[in-house]
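> Got a predicted structure plus its sequence, pasted below:
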Amino acid sequence: MTRLLLCSAIVLAACGSSRSTYARYPGAPAAFDRAGSDPKALEIAEKVFTASGGPAHWEKAKQIRWKQTITSDGKVTVDGEEAWDRWNARHHGRLKRGESDVVVGYELYGKFSMGYAEEGRKKEILDDESRQKAIKVAKDAFNVDTSVLTLQFLLLEPGATLKYIGPAKDDGGNENYDDIQATFADPLRSGLEFHAVVDRTTNLIHRIEILKAGTTQKIGYSLKDWTTVGGLKFAASRTNLGYSGETIAIKEIKVSDPDDDLFIAPLGY
């Protein structure tokens, strides 16, 4: 089983080398449909995109990798690492659990997946049930984590539809922000409605709210500590709008070509 996983990963790693465009969800349009969005929302989204780095830098960002720590009332509750291989449509996750880590990698729209536990130099392949549970956790995290980290760029991705909601108030009660709604045809985000509240002065997203369609479920974050990596701006910290005691720190952001090693299962020890 270990050798099969290894061989599968090597084949998977090689398959994207001859492709000249980004791997997207099945049936994805080739480009963003400007005609399908509200002109006012589109105008704001373009300003956000430009202020955050613009299409030239985003087009080169084949993979984004970062470390993420969630702290609740001063106590670390989640500590790990993620990588979004945009070029090959893959997700890598590493979750720290005491002395050991759980590591997974999988195709976003395909069937390939791998997972293992790592403690020091020892690595052990996860059984099928454990791997599926770990991947489910990673998939649930993917939608929120990648959306909040990169919504400033996703607003103009193929399959996105934008709507202008109206002015929004800043912390002082003044209408210095604008609220634009984004929905996506991408099946990974199709059940979610995103609201980007944009600062008119900086053209950066001040806060994000995410609603789950057909429910009252809602989460939101205020964004701050914007940092530039590879010509792109990312918010390095955010606070949960529904629970101010929870903060998320984003560290060691890297923008690069895909790292195929992240998706290869160990040969066994």
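In hand now; what should we look at? Numbering: from 1, shown residues only.
> what about Trp58, which helix or strand?
Assigned by DSSP states H and E, Trp58 belongs to helix 54-60.
> Report the rounded mean pLDDT for the helix or strand that that helix is followed by.
Following helix 54-60 in sequence order, the next helix or strand is strand 63-72 (DSSP H and E). Computed over strand 63-72, the mean pLDDT rounds to 97.
> Strand 63-72: partners in the sheet, and parallel or antiparallel?
If you go by DSSP bridges, strand 63-72 pairs up with strand 75-85 (antiparallel), strand 246-256 (antiparallel).
> I'd like these written out as CSV, with mean pLDDT, mean neighbour count and distance to Ala56 added.
(Glycine included, C-beta is placed from N, CA and C.) Shown next, in CSV, are the strands paired with strand 63-72 (pLDDT from 0 to 100; neighbours: other Cβ atoms under 10 Å; distance: least, Cβ to Cβ, whole Å):
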stretch, mean pLDDT, mean neighbour count, distance to Ala56
strand 75-85, 97, 17, 19
strand 246-256, 98, 16, 13
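> now these as CSV including distance to Lys47?
CSV is the format used below for those (distance: least, Cβ to Cβ, whole Å):
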stretch, distance to Lys47
strand 75-85, 24
strand 246-256, 22
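> and of these, who's closest to Glu129?
Closest to Glu129 of those, according to Cβ to Cβ: strand 75-85, at 20.9 Å.
> Could you pull out the helices in this structure for me?
With DSSP state H as the criterion, the chain has helices at 2-15, 39-51, 54-60, 128-154.
> Looking at the strands paired with strand 63-72, which is nearest to Ser52?
Closest among these, using Cβ to Cβ: strand 246-256, at 12.6 Å.
> For the closest one, list the C-alpha coordinates in PDB.
Extracted C-alpha coordinates of strand 246-256, given in PDB (Å, rounded to 0.1, in the frame of the first residue of the first chain):
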ATOM      1  CA  GLU A 246      -9.900  34.100  19.200                       C
ATOM      2  CA  THR A 247      -7.100  35.300  17.000                       C
ATOM      3  CA  ILE A 248      -5.400  33.700  14.000                       C
ATOM      4  CA  ALA A 249      -1.700  34.400  13.200                       C
ATOM      5  CA  ILE A 250      -0.400  33.700   9.700                       C
ATOM      6  CA  LYS A 251       3.400  33.200   9.500                       C
ATOM      7  CA  GLU A 252       6.100  32.300   7.000                       C
ATOM      8  CA  ILE A 253       4.000  32.900   3.900                       C
ATOM      9  CA  LYS A 254       5.700  31.600   0.800                       C
ATOM     10  CA  VAL A 255       4.700  32.100  -2.800                       C
ATOM     11  CA  SER A 256       6.400  29.700  -5.200                       C
END
